[in-house]
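Visitor: pasting the sequence and the predicted coordinates here, then a few questions.
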Amino acid sequence: RPDSRMTKFAHQRHKPPSELNRQRELIIACPPLRSRVNLSRIVRVAGSLGVHRIIACRPFTIDPTVARDATEHVAIEPRRSLPPVLRKLKQEGYAIVGLEQSTHSTSLFEFQFPARSVLVLGHERTGISEELLAVCDHVAEIPVYGRPMSYNVASAATMAVYEYCRQWSN
């Protein structure tokens with residue numbers, strides 16, 4: 001007999017992926033990160049949101065228990081350094097968007113991502129280097145309202161990638 005307190009919502013886990021009308025044109029670029037868990041979480045969120053390309057500086061390791069099956073759907077391109085590849089992507093028509101607290105940065109709440117964007121993440125401790133900031137066309141930052149005064153790189157990447165996907169939903 002059904003419980004009269006039941007709601008119209010039924011728990012569903014692991015629904016099939018939603019269909020995209022077109023492939024996402026977002027690329028994630030990661031400097032060398034201290035934690036393999038951070039990069040693995042970034043790979044997982046990329047896979048879940050339909051982002052198919054990550055450029056990651058070597059050396060790196062992906063933890064399969066964290067990334068889950070996203071590694072089957074996300075191409076992870078190893079590079080020694082980001083500036084040369086970012087300059088090449090800029091020539092191919094990508095906007096280079098740093099995710100960092102900086103002068104003249106725009107709040108992520110107000111930033112409009114170009115469809116063809118490369119999201120440049122910062123190192124866990126030092127953020128985006130001056131050399132990488134010099135390559136950026138835009139810098140977006142996520143407002144912080146408490147302490148600590150910055151977000152974990154994987155958490156920040158999740159917020160920024162989600163915002164890109166919200167703006168370019170299909």
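Guide: Happy to help now that I have it.

Visitor: off-centre distance for stretch 148-162?
Guide: Mean-position distance between stretch 148-162 and its chain equals 8 Å (Cα atoms, centre = their mean, to the nearest Å).

Visitor: that one - what's its average pLDDT?
Guide: Computed over stretch 148-162, the mean pLDDT rounds to 95.

Visitor: biggest helix in the chain by residues?
Guide: helix 153-167 (DSSP state H).

Visitor: determine how far that one lies from the middle of the whole chain.
Guide: The chain centre lies 5 Å from the centre of helix 153-167; the measure is Cα atoms, centre = their mean.

Visitor: stretch 126-141 now?
Guide: Centre-to-centre, stretch 126-141 and its host chain are 15 Å apart (Cα atoms, centre = their mean).

Visitor: just the residues contacting it, thanks.
Guide: Applying Cβ atoms under 8 Å, 6 or more residues apart in numbering, the contact partners of stretch 126-141 are 31, 82-83, 86-87, 90, 95-102, 104-108, 111, 120-123, 150, 160. Every residue, glycine included, has its C-beta placed from N, CA and C.

Visitor: how long is it from one end to the other?
Guide: End-to-end distance for stretch 126-141, by Cα to Cα, to the nearest Å: 15 Å.

Visitor: returning to what we had before: buried residues in the longest helix of the chain, which are they?
Guide: Neighbour counts over helix 153-167 (16 or more other Cβ atoms under 10 Å) mark Val153, Ala154, Ala156, Ala157, Thr158, Ala160, Val161, Glu163, Tyr164, Cys165 as buried.
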